[in-house]
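Q: Need coordinates for the following:
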Amino acid sequence: MSRPIQFNNHPFRFLLYLEWVLLGLSVLMVVTPSPSPKFATRFPELTICSLAFFGLMGLRLPTSNKFWKIIYTATEVFLILTTGFFGGRTARLFPFLYLILVTRSCLIFQLPGRLAVTFLSFIFFLLTLKTRFPDNRLTPVLHDRFRFFSFSLAVLFGLSLIFVLLLMNAVLSERESKNKLAHANAKLRQYTLQIENQATLEERNRIAREIHDSLGHSLTALNLQLETALKLSKSDMPRAMTFLATAKELGTKALQDVRQSVSTIRSHPLESQSLEQEIAILIKDFQLANGILPTCIISLKYSLSREMSIPIYRIIQESFTNISKYAKASSVQLELMTTEKAIKLIVQDNGQGFDISQNTTGFGLQSMRDRTLALGGELTINSAPGAGCEIIVDIPLNNWKS
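A: Next comes the predicted model:
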């Protein structure tokens, strides 16, 4: 904490209330007349001022400058010693002021400083206790009893200091852990939002490229065919009809591209159906669009979790999309299987293929690679011009079983 600890930002306000109760008892003993002159307060005004100033110091604790921390603590010790030596009956309560001192030191110092203040508090307590030691006029029996009482009081006070120190360290550690956890959660929410925005932007760019490359091309060609047919409609109707037939084919292809794009951007592909059922729908759509029925072999020994199923579905979907656009294949094979330790996906076609060294940076292939790496797997692409393409995905199951 960089700013001073005050009443409005005190991490443990109940400690302030406890301080005020102890200080109030001390002031009450000062102002109450003593039945014996031996226990009367020698300087009540000085004692009350010391206690009041000590209490007011608790309303503002330094936390940033080490020099001011030391001056602050030294001033507190001076006020406690003043109360202990001149407070009369109040001196009986002065050990509680040392407990307050240790508590405050835990709020402003790190562990070495806390240990130092605790040790000094015990030493000063022993010095003050020694000044209260009776003279030799006591009998040997009373003298030994007083020694034993003083020793017991010193041990009890030392244990109290250690207890307060350990308790405050535990409470502060727990509070620090909670603050770190809250900070980490806030960062995680921020990173999640950034990732979500980035994913949304990438998906928009992909859809834009897909519309430009497929639908835009088809609509441009369709427009040219219609313009030509319109020009020939008055002079050469047979040729115009030929251009209109071509335009109809282009319109059908554009409609297929729209359906493919809509199918690709579905937000929840496995919301109501299993992975096998969704793959069957992909195969059916692929057959309708390309006139090719892929050979499909699915052997899943284990039920996969949603976190695993969705990336697998997207990889298969992207593979079919690339085959439809670029492969010009007449045969497609899909194989999905699980073993004891891994899941393996193979998508293979006999199309025109491509040069791996020059054509692996496209959005579709990069998307498949990213999804595979996110699951801790490995993506392998085997292809060459005129030799078709084979995509192999190996993903360790680990904790991906549902």
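
Q: Just give me the neighbour total for residue 273.
A: The number of residues packed near residue 273 is 12, by other Cβ atoms under 10 Å. Bear in mind the C-beta positions are built from the backbone N, C-alpha and C, glycine included.

Q: just checking, it is part of a helix?
A: No: counting by DSSP: H, G, I helix; E, B strand; the rest coil, residue 273 is not part of a helix but coil.

Q: Torsion angles phi and psi at the residue lying closest to it once chain neighbours are set aside?
A: In this structure, residue 273 finds its nearest non-sequential neighbour in residue 281, 7.8 Å apart by Cβ to Cβ, 6 or more residues apart in numbering. Backbone torsions of residue 281, given as degrees, to the nearest 10, read phi -70, psi -40.

Q: so what pLDDT did residue 281 get?
A: For residue 281, the pLDDT comes out at 87.

Q: Any idea how many residues pack against it?
A: Residue 281: 12 surrounding residues under other Cβ under 10 Å.

Q: what separates it from residue 142, distance-wise?
A: Per Cβ to Cβ, to the nearest Å, residue 281 is found 99 Å from residue 142.

Q: mean confidence for stretch 175-183?
A: Taken as a whole, stretch 175-183 carries a mean pLDDT of 89.

Q: Just the C-alphas of it, formatted as PDB.
A: Extracted in PDB, the C-alpha atoms of stretch 175-183 (Å, rounded to 0.1, in the frame of the first residue of the first chain):
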ATOM      1  CA  ARG A 175      -5.500 -10.500   3.000                       C
ATOM      2  CA  GLU A 176      -2.600 -10.200   0.600                       C
ATOM      3  CA  SER A 177      -3.500 -13.500  -1.000                       C
ATOM      4  CA  LYS A 178      -7.100 -12.400  -1.500                       C
ATOM      5  CA  ASN A 179      -5.900  -9.100  -3.100                       C
ATOM      6  CA  LYS A 180      -3.600 -11.000  -5.400                       C
ATOM      7  CA  LEU A 181      -6.400 -13.400  -6.300                       C
ATOM      8  CA  ALA A 182      -8.800 -10.500  -7.000                       C
ATOM      9  CA  HIS A 183      -6.100  -8.800  -9.100                       C
END
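
Q: Can you pull the poorly scored residue ranges out of the stretch 101-250 of the chain?
A: 131-138, 206, 209-214, 216-217 (pLDDT under 70).

Q: How is the chain partitioned into domains?
A: Split into domains by automatic domain parsing, the chain comes to 5-188, 272-402.

Q: mind checking which of those domains is nearest residue 198?
A: For residue 198, the closest of the domains of the chain is domain 272-402, at 11.5 Å, according to Cβ to Cβ.

Q: Determine how far the closest one lies from the middle of the whole chain.
A: 33 Å (Cα atoms, centre = their mean, to the nearest Å).
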